[in-house]
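**Student:** okay, sequence plus prediction incoming.
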Amino acid sequence: MSEKTDADGRVSETMDADDQAGETAELTRTIEALLFLAPDPLSEKELAEATQAEDAEVRAAIERLAEEYAPGRRGIALRELAGGWTLASDPHAEDAARRLFSRQRVATLTPAQAETLAIVAYLQPISRPEITRIRGVSADSATATLLERGLIEESGHSQFGAVLYRTGVQFLKLFGLRSLDDLPDVARWDPTPEEQAELRDRLLRAGEARAGGGPHGS
Amino acid sequence: MSEKTDADGRVSETMDADDQAGETAELTRTIEALLFLAPDPLSEKELAEATQAEDAEVRAAIERLAEEYAPGRRGIALRELAGGWTLASDPHAEDAARRLFSRQRVATLTPAQAETLAIVAYLQPISRPEITRIRGVSADSATATLLERGLIEESGHSQFGAVLYRTGVQFLKLFGLRSLDDLPDVARWDPTPEEQAELRDRLLRAGEARAGGGPHGS
Amino acid sequence: MTLASLELDLEIFSGPFDLLLTLILREEVDLLELQLAEVVLAYLDHLEARGELDLETATEFIVLIAALLELKSRLMLTGDDEELLDIEPEQAAEELLARMLDARRYRAAAAHLGELLERERGVRFRAVPLPASLRQTIVQPQDGSQDPRVLGEAIGRLLRMPPEISLRHMGVPRVSVAERLTHLRGLLRRGRFSFDEAVRGADRMTVAVTLFALLELYKRGEVDWEQEESFGEIAVRARVQELPAERMAG
């Protein structure tokens, strides 16, 4: 802090007070940002370490923050919880928040999920690397969601140790099928029905050709 | 709104104005809470639906919020991004945030990733083979990283069955864009017509030299 | 030695040439990332070291490297560019210019994105899950609510092949240096002939290999040639062995 030699010394005192206020304001803003970002309550010790400030300074900044977030002033509340401080939404916004976030949603299939499910349905059992090769892009998150929804399930391991998937109990129900034999004949949508090779080989070939644009079957 | 019959009517007017101010304050708090909770930017339409308020009221509340969050006042900033409004930390808290969370907000992009992202941003939806053709080198690993980081996402298939990519909300958020329209016109980086003519001439001369320099002088 | 065992030590691959070809065909090595010039240099080093030229191997190498070059250029071009190799220089220049401008445009756009990202440095968003009371409840759709045709359609879409890159005209060398040597020696029996005669109606590859054979005959002292003017006719004649070689510029 700057020390100014002055006739009566009052000026430098004022400066110091201003500096101090400025620093507290700065620290308050930083702590506000940290509390905003943190998923869990932050202790004063954690805040002091992160901001490289003294414990007393941190406490002063939190007091100031508590004034700014005095109940009823804002949509966000400052709370002391579990030995630390945290920001939370004000309960008065609960109704609006429920309208925004809690609408019940019927789980539909995304295009990536439908594609992955189709591959499993027609080629089961099949491993995830094979699904990826056919799609040309990763099928990890689609596979995870389908597993979670019971539409596919694990079915042992391939000779190379990869987990195999088959359709699960929910699958037939969701599509209103009595058995897998009721799956529609792919020939209806086949762009080149004259091809004789196995469906799996053809899908792998097409997938690889699409993914890389590398040399393919001349 | 309460209607008070009064001798001269002035009181009820004042009451109305107060009521109105009170309601805006209330709506401002609710919207602040919703922005605090939402993982992605909220459009004014979404806010109006959730709060059951008129569009104009929502706009007024956002203006008020923008004043409260005026730059430099707080550790949190109100940003207009990706077609909506969102709260974000003020960059001045970054050093402390890095000490606390020990994880970088976003790693920088490699040149290959930046180029791939630029092509997707401007030409979306676009397939990987097309990206490869424009770049002249493979874009596979760059595409995979951008997908994983949520900067691009799948968007259906081309007529040849290749997966198409587009940028998502995450892209607009991280790059500070309100919409794709905030990106400047690519033509701005094109060389001047004179430079283009010069380039064309040089290419033509090189092409003629090659065609004419054949083994048997064709 | 055969070409297959030519040892390569390249930036992205190290091992024999035939393994490299196998890996390229199996797409385990990305042709787009392979510097073909490196392969040519390795071959030239190999020739240098051996001090002699095996014609069969040389032909095989020329054909393979030409095929790889063509394949690589095709990979980088749009699918409907089948005819690109035969287009006029003006068209080729336009095409190339368009591509250069494209590449330049998006490199500049990439730099701009880098600036945007830099401007946003230090801005973080809150990524905290919603309180349990607000979490979205996902309801399973009703039994039989999904149409199985969606699945068949998806398979149909996945079966579609991208437009094929034709490689029919490449691959097995149809013409060898040895065969072209025999051809040239046959013509030489007449005393002299023109190069145009020797390659009349031949494709580019045959022309290249014939030129290669001609150079070989020259090296062995069997022929000389002269060309009156640039791009004019190349007259080839048997060299009279007793006389000192007359040097002619090609």
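**Tutor:** Arrived safely, thanks for sending.

**Student:** what's the helix or strand for residue A:32?
**Tutor:** Assigned by DSSP states H and E, residue A:32 belongs to helix A:10-37.

**Student:** what's downstream of that helix, the next helix or strand?
**Tutor:** helix A:44-51.

**Student:** which residues does that following helix contact?
**Tutor:** A:27, A:30-31, A:34, A:42, A:53-55, A:57-59, A:62, A:84-85, B:96-97, B:99-100 (C-beta atoms under 8 Å, 6 or more residues apart in numbering or on different chains). Any C-beta I mention is one placed from the backbone N, CA and C, and that applies to glycine too.

**Student:** could you rerun that using 10 Å?
**Tutor:** Identification of contacts with helix A:44-51 by C-beta atoms under 10 Å, 6 or more residues apart in numbering or on different chains yields A:26-27, A:30-31, A:34-35, A:38, A:40, A:42-43, A:53-59, A:61-62, A:83-85, B:93, B:95-101.

**Student:** quick check on residue 126: phi, psi?
**Tutor:** You didn't pick a chain, so chain A it is. Main-chain dihedrals, residue A:126, degrees, to the nearest 10: phi -140, psi 150.

**Student:** ah, I was thinking of chain C
**Tutor:** phi -80, psi 130.

**Student:** pretty sure it sits against residue B:97.
**Tutor:** No: the pair residue C:126 / residue B:97 is not scored as a contact, 11.5 Å apart, by C-beta atoms under 10 Å.

**Student:** now do the shared contacts for the two.
**Tutor:** Common neighbours of residue C:126 and residue B:97 (criterion: C-beta under 10 Å, 6+ apart): A:36, A:37, A:38, B:89.

**Student:** filter the residues you listed down to the ones close to chain C.
**Tutor:** Filtering the shared contacts of residue C:126 and residue B:97 for proximity to chain C (criterion: C-beta under 10 Å from any C-beta of the partner chain) leaves A:36, A:37, A:38, B:89.

**Student:** closest one to residue A:142 out of these, please.
**Tutor:** residue A:37 (30.5 Å; C-beta to C-beta).

**Student:** where does the prediction get shaky in chain A?
**Tutor:** Applying pLDDT under 70 to chain A flags residues A:1-18, A:104-105, A:212-218.

**Student:** shouldn't residue C:236 be within a strand?
**Tutor:** Yes: assessed by DSSP: H, G, I helix; E, B strand; the rest coil, residue C:236 belongs to a strand.

**Student:** element containing the closest residue to it other than its chain neighbours?
**Tutor:** The shortest distance from residue C:236 to any non-neighbouring residue, by C-beta to C-beta, 6 or more residues apart in numbering or on different chains, is to residue C:225 (4.6 Å). Secondary structure assignment for residue C:225, by DSSP H and E: strand C:223-227.

**Student:** look at the nearest residue to residue C:117 once chain neighbours are set aside and say how many residues are nearby.
**Tutor:** Nearest in space to residue C:117, with sequence neighbours left out and distances taken as C-beta to C-beta, 6+ apart, is residue B:175 at 6.1 Å. Residue B:175 has 24 neighbours, counted by other C-beta atoms under 10 Å in any protein chain shown.

**Student:** next: the one 10 residues further on.
**Tutor:** As a burial measure, residue B:185 scores 8 neighbours (other C-beta under 10 Å).

**Student:** check contacts around it.
**Tutor:** residue B:122.

**Student:** just to revisit the earlier point, which of the ones next to chain C among the shared contacts of residue C:126 and residue B:97 sits closest to chain C?
**Tutor:** Comparing these against chain C with C-beta to the nearest C-beta places residue B:89 closest, at 4.4 Å.

**Student:** quick one: residue C:104 and residue B:189 touch, right?
**Tutor:** Yes: Residue C:104 lies in contact with residue B:189 (C-beta under 10 Å); the separation is 7.0 Å.

**Student:** can you show me the helices along chain A?
**Tutor:** Using DSSP state H, the helices found in chain A span residues A:10-37, A:44-51, A:55-68, A:94-101, A:111-123, A:128-135, A:140-148, A:169-175, A:199-212.

**Student:** which residue sits closest to residue C:121 in space, ignoring its chain neighbours?
**Tutor:** residue B:91 is the one closest to residue C:121 (C-beta to C-beta, 6+ apart), at 6.4 Å.

**Student:** of residue C:126 and residue B:97, which one has the most company?
**Tutor:** residue B:97 (25 against 19).

**Student:** the longest helix in chain C is where?
**Tutor:** Max-length helix for chain C by DSSP H is helix C:89-119.

**Student:** tell me the angle it makes with helix B:111-123.
**Tutor:** Put simply, helix C:89-119 runs at 100 degrees to helix B:111-123, going by axes from the mean of the first three to the mean of the last three C-alpha atoms, to 10 degrees.

**Student:** buried ones in helix C:89-119?
**Tutor:** Residues of helix C:89-119 classed as buried: C:89, C:92-97, C:99-103, C:105-110, C:112-114, C:117 (neighbour count, 16 or more other C-beta atoms under 10 Å in any protein chain shown).

**Student:** so the residue nearest to residue C:117 touches residue B:151, yeah?
**Tutor:** Yes: with contacts counted by C-beta under 10 Å, residue B:175 reaches residue B:151, the gap being 8.8 Å.

**Student:** tally of neighbours for residue C:182?
**Tutor:** Residues near residue C:182, counting by other C-beta under 10 Å, number 11.

**Student:** now whichever strand or helix holds it, how far from the chain's geometric center?
**Tutor:** Taking DSSP H and E as the criterion, residue C:182 maps to helix C:177-188. Chain-centre distance of helix C:177-188: 28 Å, with C-alpha atoms, centre = their mean, to the nearest Å.

**Student:** and that helix, anywhere near chain B?
**Tutor:** No: shown here: helix C:177-188 not in contact with chain B (C-beta under 10 Å from any C-beta), separated by at least 12.4 Å.

**Student:** for that helix, packing partners?
**Tutor:** Counting contacts by 3 or more C-beta pairs under 10 Å, 6 or more residues apart in numbering or on different chains; DSSP states H and E, helix C:177-188 is packed against helix C:55-76, strand C:192-194, helix C:195-198, helix C:204-219, strand C:223-227, strand C:234-238.

**Student:** contacts for it?
**Tutor:** Identification of contacts with helix C:177-188 by C-beta under 10 Å, 6+ apart yields C:53-60, C:62, C:173, C:175-176, C:193-195, C:197-199, C:202, C:206-217, C:220, C:222-223, C:236-239.

**Student:** next one: residue A:83 from chain B, what distance?
**Tutor:** 16 Å (C-beta to the nearest C-beta, to the nearest Å).

**Student:** sorry, back to before: common neighbours of residue B:175 and residue B:151, please.
**Tutor:** Joint contacts of residue B:175 and residue B:151 (C-beta under 10 Å, 6+ apart) are B:106, B:117, B:121, B:167, C:113.

**Student:** mind putting the residues you listed into JSON lines with distance to residue A:160?
**Tutor:** Formatted as JSON lines, the shared contacts of residue B:175 and residue B:151 follow (distance: C-beta to C-beta, whole Å):
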{"residue": "B:106", "distance to residue A:160": "36"}
{"residue": "B:117", "distance to residue A:160": "34"}
{"residue": "B:121", "distance to residue A:160": "39"}
{"residue": "B:167", "distance to residue A:160": "36"}
{"residue": "C:113", "distance to residue A:160": "40"}
